[in-house]
Structure formats: C-alpha cells, structure tokens
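From the sequence below, what's the structure:
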Amino acid sequence: MFDTVTLPAGKIAYTEQGSGPPVVFVHGLLVNANLWRKVVPLVADAGFRCIAPTLPLGAHQLPMAADADLTPPGVARLIADFIEALDLKDVTVVANDTGGALTQILMANHPERLSRVVLTPCDAFEEFFPKPFDALPRMIRKPGVSWLLSRLLQLPAVQRQPITFGWLAKRGIPAEIMASYTRPTRDSAAVRLDLKRFLAGVDNRHTLAAAEVLKGFTKPVLLVRAADDRIFRASLFDRLAATLPDAELVDVADSYTFVSEDQPEELARLIITHYS
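Residues are numbered from 1 along each chain as shown. I've put the predicted structure just below:
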C-alpha cells in the first residue's frame, strides 16, 4: 500500500516506514519505490523515518498534470516540493542512477531542507546519460518509439539485455518487481507521455551546471560506488569526491549499479553510519 500527496506537478505516491530523522529515497529511470524495498526496513528498524516516493520516470501509475515541468530541473523541483509538502526538515536523501543526477540538481538548486546525501551509482557531469543509454533522449522523440519500448520491455529476453536492465542488478530482479517497473508504460498512454517528456529534456548541461554549484555544497555526502558496476565509470565518483567539499567515498564489493538490490544490508549499514 502507498500514500499520496498532491503537488503542483500532480499527485505522487510514496511509501513510508519507521519514525525518527527523515530519509528520502530517490530512484531512477524506469523503476519506482520498489528499488528500495530491501533497504527501507533495515534503515527504519534503526530508528529512521524512511520515505520512498515514486517519481514520474516511467514506472509510475499516477500521471502528472499536463502542464507539469518534467525536465530534470523540473523533477528536482518536484522532489523539493515533495519534501516541503511532508514538512520534512534536516533530510537525508539517498539516490541511485538517474535519481542521483536529479539529486545533484536538487542539491544545487534546492538545498534548504537537506542535511546530508548518499549517492549510490549514478549519472554525473558529462555522463547524463552514460553509454549505451545516451541515445534514448534522441530516440524517444521519434513517433511510436515510446509505445514500442513499452512493449519490448515486457519480454524477459529484452529485460536481460545490457541496454535495459541486464547490467543493473548482478543477480537479476524478481519477476514481480520487474513487472511493477515495466507495466505502467504498457498500460497507460499518459505514463508513456510523462516518460517521453522527461527523456526529451535529459541533457548533460543540467548535471554540468549542478557540478559547478556543488563546489560550494558543504553538507556531508557519502559516495557509495559499486566495485563491479558496468554502467557508471569509477572515475565519475572520483570527480564527485574532488568536487564536493565534504565527501566520503566508499566501494561496495560484489554489486552492479543497483546496490540496493545486490547489497542491501551493506547499503543500509552505510546509510545508518553516515548519519552518526
């Protein structure tokens, strides 16, 4: 079950567990709050209020308003609006993949309610998106591509490909969770339109601009790099560590990009320790 909150851009679904200092979990493209399902109970049990919104990134069930700004800065603003609507203060934000790029924009443009950040493998600098996903913003503009993509993603053979989910989780993603990621675009033309609107706005000028501002972001940031990541280059996190004034870089073994899927206990431990 999930709760909802109405924002200027539309209605957002979210899950909540635990009580204590707030931790907001930000997912990436074509996944939803289920990305954090293994991590949230562990962090909540340690005395935190864990909140995981499902953002309009293609695996959401609640379409956004027709006039919603779904560019990357617009979705970063949506995250800020979500935090404000729940009246959260001194928030720890944990992010992954595309959500990490959005969180960097959030840190640059709307840092007021943030106290600390945990970035797991994610886009940054010039690599928004990284190869082989960098063709998506151009492809999605072509007529019929979003519909075709929504159909292809229903096929397990396609889901296992490196250009979809194949290199994201080392031991795969359970079928029921994968279905929650892929069915919304299949079932809803409005969700497909939201996805298209977001993808059409992806451009590395947004992450490059954020990186310039992040040189002055003095709140603590934990950079959790996956040792076996096949999508994001290790040097991206070296550069982030050099850019952010108060950054700590750690490597997690035996994990691809989705550390929350491959090493949830270790990620939960790092989140809890980072708060101490």
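
list the contacts for residue 80?
Shown in contact with residue 80 (C-beta atoms under 8 Å, 6 or more residues apart in numbering): 106, 109-110, 113. All C-beta spots, glycine's among them, are computed from the backbone N, C-alpha and C.

and the lowest-mean-pLDDT helix or strand in the chain, what other elements does it pack with?
None of the helices or strands of the chain scores lower by mean pLDDT, DSSP states H and E than helix 136-139, at a mean of 89. Using 3 or more C-beta pairs under 8 Å, 6 or more residues apart in numbering; DSSP states H and E, the elements in contact with helix 136-139 are helix 189-201.

which helices and strands does the helix it packs on pack with?
Here helix 189-201 touches helix 72-85, helix 136-139, helix 145-152, helix 175-187, going by 3+ C-beta pairs under 8 Å, 6+ apart.

List the contacts of the last one.
Meaning helix 175-187. Contacting residues not belonging to helix 175-187 are listed as 30-32, 34, 37, 58-61, 146, 149-151, 153-154, 159, 165, 173, 191-192, 195 [C-beta under 8 Å, 6+ apart].

roughly how far apart are residue 242 and residue 210?
15 Å (C-beta to C-beta, to the nearest Å).

These two: which is more packed in?
residue 210 (26 against 10; other C-beta atoms under 10 Å).

I'd like the distance from stretch 79-90 to the chain centre, please.
In terms of C-alpha atoms, centre = their mean, to the nearest Å, the centre of stretch 79-90 is found 17 Å from the chain centre.

quick one, phi/psi of residue 173?
Dihedral angles of residue 173 (phi, psi; degrees, to the nearest 10) stand at phi -120, psi 130.

And for it, the neighbour number?
The local packing of residue 173 (other C-beta under 10 Å) involves 21 other residues.

which residues touch it?
Here residue 173 is in contact with 159, 165, 181, 258, 261 (C-beta under 8 Å, 6+ apart).

Could you give the number of residues near residue 206?
Neighbourhood size, residue 206 [other C-beta under 10 Å]: 22.

Correct me if wrong: it contacts residue 101.
Yes - look at residue 206 against residue 101 with C-beta atoms under 8 Å: they come within range, at 7.3 Å.

Need the overlap of contacts for those two.
72, 128.

how much space between residue 33 and residue 131?
Distance, residue 33 to residue 131, by C-beta to C-beta: 27 Å.

swap in residue 184?
Residue 184 sits 26 Å away from residue 131, going by C-beta to C-beta.

swap in residue 52?
From residue 52 to residue 131 the distance is 28 Å (C-beta to C-beta).

what does residue 24 give?
Look at residue 24 and residue 131: by C-beta to C-beta, they are 29 Å apart.

Comparing those two, which residue is more hemmed in?
Ranked by neighbour count (other C-beta under 10 Å), residue 24 and residue 131 place residue 24 first, with 24 against 10.

What ranges does the stretch 1-150 of the chain have for its strands?
Here the stretch 1-150 of the chain has its strands, by DSSP state E, counting those that start in this stretch, at 3-7, 10-17, 22-26, 49-54, 91-97, 114-122.

list the contacts for residue 29?
Per C-beta under 8 Å, 6+ apart, neighbours of residue 29: 57-58, 97-98, 133, 198-199.

separation between the residue lying closest to residue 206 once chain neighbours are set aside and residue 83?
Residue nearest to residue 206 in three dimensions, not counting chain neighbours: residue 72, with 4.6 Å by C-beta to C-beta, 6 or more residues apart in numbering. Between residue 72 and residue 83 the computed distance is 17 Å (C-beta to C-beta).
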